[in-house]
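1. Take a look and give me a structure for this.
(2 chains)
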Amino acid sequence: MAAMFNQLRHARGRDAAERLRSLADEELMQLVYRSDANAFEVIYDRHADAAFSLAHRMCAQRALAEDVVQEAFLSLWRSRARYDRRRGSVRTWVLGIVHNRAIDSLRRRTVRDRGVVHEEGIEERLVAPERTDAEFARREEAREIRNALEQLPGEQSRVIELAYFGGMTHTQIAAMLDMPVGTVKGRMRLGLAKMRMVLGDPAEVVQ
Amino acid sequence: MSASQHPPDRHGCDGNAAPYVLGALEEPEFEAFRMHLETCAVCREEVAALQLVADVLPVVAPQLHAPDELKRRVMAEVISDAGWQPDRVPRRRARHAQAFRLARPAVLGLGAAAAAVAIVAIALLGGGTASRVRVIRAQVLAPRASASLRLNGTHAELTVKGMPQAAVGRVYEVWVKRSGAAQPTDALFNVTATGSASVTVPGSVAGVKQIMVTSEPSGGSTAPTSAPVIVASLS
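-> Numbering: from 1, shown residues only, chains lettered A, B, ... in the order given. Below you'll find the predicted structure:
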């Protein structure tokens, strides 16, 4: 009888986990809003790789990237009531928080600290395998966006990368490249606008 | 003048839309521009258009696998404060240890217990409404430990297995959370040498959203002094 009960319990447990994994992010967030840690775990599983990838690209150090992602997800959990689906997808929200946290982390570091320690080869060690069709499709979409960035004149892609991935302000970039702030802003705008034209609606490229 | 040298400002707003969506404004500028957006439709439109591109830039980063250890750390924090926002408990409650089965004195502390992420499973047993019994599997912080809450009408009994014993001078305490702060109960317990215990949750659990367990000084506390080690969600 006890064995039967355990089997039933485990089967129900599996069903509950499967049911959660079948829900859309926005539906999961309704459960997360009610402090459902299991729903939050599904959100984590779906977006942790992208979050870690962005943080690692920005921080260039695994330990820093981990700290950023941990802070970001905990901030997300603790501010879950602020999620508003009208403002964008959960993924965008997650990555926006990671981006802001990474910028904070980068700006806390001195200029001398920046870029001193790069962990060469970590990408090879940690590259996520293309396990599913969805991941394969996501990589194709990423390639499309990367191409759009690479097609920009170097002067435009450079300021975008320094700002977005380097966490630098436009005044820092202007000082580093020895050019007027207005020129930096103009290159950012032109570059982004051009990518927008190339990609159409970028939100449709990345599902 | 090349395209890239055109002045960014087309309408007297200083061309901050692009650095804004890229996170490249200094803090004072950021706040000022955010306020500006409330009144400038042109900038709002430009931000909306450029934000779509900024939102997809993360995929340009080499895609990596987040370390498993990172998930363990995040979920340990999440579980420990799931629904846990203790406010001040207004009054001291008299209490006495009850409803626990103790095989020997507590000798081991919880230590820095790693998280075990439990899946909440609800088993419905029995038939009619009056005799309906629910068994809820709780979230447990300690690795390899498990806990379940057996609900029979408005009464509940918590059963734990594989739990570490409370540290010397400490005891496990059961808390109930309806709305607002978690409230203490008189249910204090420790576990057997094999980590088992069964404890009745005092009173009715009608309206209770969560039942939690913390490690407290012997005699219990009126306000939690540590993060919960077990959380069972009833809703």
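2. could you point out which element follows the lowest-mean-pLDDT helix or strand in chain B?
-> Least confident helix or strand of chain B, by mean pLDDT, DSSP states H and E, is strand B:122-125 with a mean of 37. Counting by DSSP states H and E, the next helix or strand C-terminal to strand B:122-125 is strand B:133-137.
3. Please enumerate the strands of chain B.
-> Shown for chain B, the strands assigned by DSSP state E span residues B:122-125, B:133-137, B:139-140, B:146-152, B:155-161, B:170-177, B:183-189, B:197-201, B:210-217, B:230-233.
4. Can you tell me which of these is nearest to A:Arg138?
-> strand B:139-140 (30.7 Å; CB to CB). For every residue, glycine as well, the C-beta is placed using N, CA and C.
5. Can you name every helix or strand that that closest one contacts?
-> Under the contact criterion of 3 or more CB pairs under 8 Å, 6 or more residues apart in numbering or on different chains; DSSP states H and E, strand B:139-140 touches strand B:230-233.
6. So which residues lie in contact with the strand it packs on, not counting its own?
-> Identification of contacts with strand B:230-233 by CB atoms under 8 Å, 6 or more residues apart in numbering or on different chains yields A:35-37, B:79, B:82-84, B:120, B:136-141, B:147-149, B:158, B:160, B:209-213.
7. pull the CA atoms of the biggest helix by length in chain B into CSV?
-> Looking across chain B with DSSP state H, the single longest helix is helix B:41-56. Extracted in CSV, the C-alpha atoms of helix B:41-56 (Å, rounded to 0.1, in the frame of the first residue of the first chain):
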residue,chain,number,x,y,z
ALA,B,41,6.3,61.9,-27.9
VAL,B,42,9.0,62.0,-30.5
CYS,B,43,11.6,60.6,-28.1
ARG,B,44,9.2,58.0,-26.9
GLU,B,45,8.6,56.8,-30.4
GLU,B,46,12.4,56.7,-31.1
VAL,B,47,13.1,54.9,-27.9
ALA,B,48,10.4,52.3,-28.7
ALA,B,49,11.9,51.7,-32.1
LEU,B,50,15.5,51.4,-31.0
GLN,B,51,14.6,49.4,-27.9
LEU,B,52,13.4,46.6,-30.1
VAL,B,53,17.0,46.3,-31.4
ALA,B,54,18.6,46.7,-28.0
ASP,B,55,16.4,43.9,-26.6
VAL,B,56,17.8,41.4,-29.1
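8. and it, which residues are buried?
-> B:43, B:46-47, B:50-56 (16 or more other CB atoms under 10 Å in any protein chain shown).
9. re the thing from before, switch the strands of chain B over to a markdown table, and while doing so, append mean neighbour count to every line.
-> Shown next, in a markdown table, are the strands of chain B (neighbours: other CB atoms under 10 Å in any protein chain shown):
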| stretch | mean neighbour count |
| --- | --- |
| strand B:122-125 | 15 |
| strand B:133-137 | 18 |
| strand B:139-140 | 27 |
| strand B:146-152 | 20 |
| strand B:155-161 | 19 |
| strand B:170-177 | 24 |
| strand B:183-189 | 21 |
| strand B:197-201 | 21 |
| strand B:210-217 | 23 |
| strand B:230-233 | 26 |
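10. Where among the ones you listed is average confidence lowest?
-> With a mean of 37, strand B:122-125 has the lowest mean pLDDT of the strands of chain B.
11. any low-confidence regions in chain B?
-> Chain B contains residues with pLDDT under 70 at B:1-12, B:81-132.
12. domain ranges for it?
-> B:3-128, B:132-233 (automatic domain parsing).
13. mind listing what B:Leu50 touches?
-> When contacts are counted by CB under 8 Å, 6+ apart, B:Leu50 touches A:189, A:192-193, A:196, B:17-18, B:21.
14. Neighbour count for these - can I get that in a markdown table?
-> Shown next, in a markdown table, are the contacts of B:Leu50 (neighbours: other CB under 10 Å):
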| residue | neighbour count |
| --- | --- |
| A:Arg189 | 27 |
| A:Leu192 | 27 |
| A:Ala193 | 17 |
| A:Arg196 | 17 |
| B:Ala17 | 30 |
| B:Ala18 | 29 |
| B:Val21 | 25 |
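15. Of those residues, which is the nearest to A:Ser53?
-> The closest of the contacts of B:Leu50, once distances to A:Ser53 are taken by CB to CB, is B:Val21, at 19.9 Å.
16. For that closest one, give me its contacts.
-> A:192, B:47, B:50-51, B:53-54.
17. Over to B:Ser179: give its phi and psi.
-> phi -110, psi 150 (degrees, to the nearest 10).
18. That one touches B:Lys209, doesn't it?
-> Yes. B:Ser179 is in contact with B:Lys209 according to CB atoms under 8 Å; the separation is 7.5 Å.
19. So between these two, which is more surrounded?
-> Set side by side, B:Ser179 and B:Lys209 show more neighbours around B:Lys209, with 17 against 6, by other CB atoms under 10 Å in any protein chain shown.
20. Now the more buried one. Nearest residue, chain neighbours left out?
-> Spatial nearest neighbour of B:Lys209, excluding adjacent residues (CB to CB, 6 or more residues apart in numbering or on different chains): B:Ser235 at 5.0 Å.
21. Could you count how many residues lie near that neighbour?
-> 10.
22. just B:Thr194 next, same as before
-> The number of residues packed near B:Thr194 is 10, by other CB under 10 Å.
23. From B:Glu173, how far off is it?
-> Using CB to CB, to the nearest Å, we find B:Thr194 at a distance of 21 Å from B:Glu173.
24. quick revisit: reformat the buried residues of helix B:41-56 into a markdown table and put distance to A:Tyr83 next to each item.
-> Putting these into a markdown table (distance: CB to CB, whole Å) gives the following:
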| residue | distance to A:Tyr83 |
| --- | --- |
| B:Cys43 | 25 |
| B:Glu46 | 25 |
| B:Val47 | 20 |
| B:Leu50 | 23 |
| B:Gln51 | 17 |
| B:Leu52 | 19 |
| B:Val53 | 22 |
| B:Ala54 | 19 |
| B:Asp55 | 15 |
| B:Val56 | 20 |
